[in-house]
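Peer 1: Next come a sequence and a model predicted from it.
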Amino acid sequence: MKNIILPIRFGLITSAVLIAYFLILAMFDKHTNPAFSFVNAFITAFGIFETIRYYKLEQGENFSYSSGFIAGLITGGIATVVFTIFFLLYITEINTEFLAQVLSVVNVGSPVSVGVLTFVVGIMGMATTVISAFTVMQYYKKSWNIS
């Protein structure tokens, strides 16, 4: 149980930062521009990096690639689920015009529902999580280089 507390804590912190970033963009009416969502990848990657860094310090010699990777996946997964739930609540309860605003900026050619947009946000978050966890673990893996 102790091994999962750290990724949960960092997942909740990462999701809070993602939500704060989204709300700051909303204050300046920039939250409908998809280009700003690239910063979400950096926020998620940094949260995963910090989780794995602390996890390695906590585990010491018992740290392995797979345990660090799983800690990163848990962190990113929790951050993605919490942010996706917030996003769903935001576009259905807080700003019901959000979908129309996004579609005016990005014309996808076919009608998009709230469910599809929420699903895309979740899938993008999970893809970012997997890629970030793999990338961060390249830094923390043990080297087999003998020279």
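Peer 2: Yep, that arrived. Numbers count the residues shown, from 1 in each chain.
Peer 1: Pick out the residue nearest the middle of the chain.
Peer 2: If you average the C-alpha coordinates of the chain and look for the closest C-alpha using C-alpha atoms, centre = their mean, you land on residue 44, 4.2 Å from that point.
Peer 1: which ones are touching that residue?
Peer 2: Residues touching residue 44, when contacts are defined by C-beta atoms under 8 Å, 6 or more residues apart in numbering, comprise 14, 18, 76, 79, 80, 125, 128, 129, 132. No exception for glycine: its C-beta is placed from N, CA and C like everyone else's.
Peer 1: Break down the chain into its helices, ranges please.
Peer 2: All helices of the chain, identified by DSSP state H, fall at 2-27, 38-59, 65-89, 98-105, 114-140.
Peer 1: ranking those by burial, who's on top?
Peer 2: Of the helices of the chain, the one with the most neighbours on average (mean count of other C-beta atoms under 10 Å) is helix 65-89, at a mean of 20.
Peer 1: which other helices and strands contact it?
Peer 2: If you count contacts as 3 or more C-beta pairs under 8 Å, 6 or more residues apart in numbering; DSSP states H and E, helix 65-89 packs onto helix 2-27, helix 38-59, helix 114-140.
Peer 1: need the ones you listed in JSON lines with mean pLDDT, can you?
Peer 2: Rendered in JSON lines, the data for these read as follows (pLDDT from 0 to 100):
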{"stretch": "helix 2-27", "mean pLDDT": "92"}
{"stretch": "helix 38-59", "mean pLDDT": "93"}
{"stretch": "helix 114-140", "mean pLDDT": "91"}
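Peer 1: Can you lay out these as JSON lines showing distance to residue 71?
Peer 2: What follows is the helices and strands packed on helix 65-89, written out as JSON lines (distance: least, C-beta to C-beta, whole Å):
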{"stretch": "helix 2-27", "distance to residue 71": "5"}
{"stretch": "helix 38-59", "distance to residue 71": "5"}
{"stretch": "helix 114-140", "distance to residue 71": "8"}
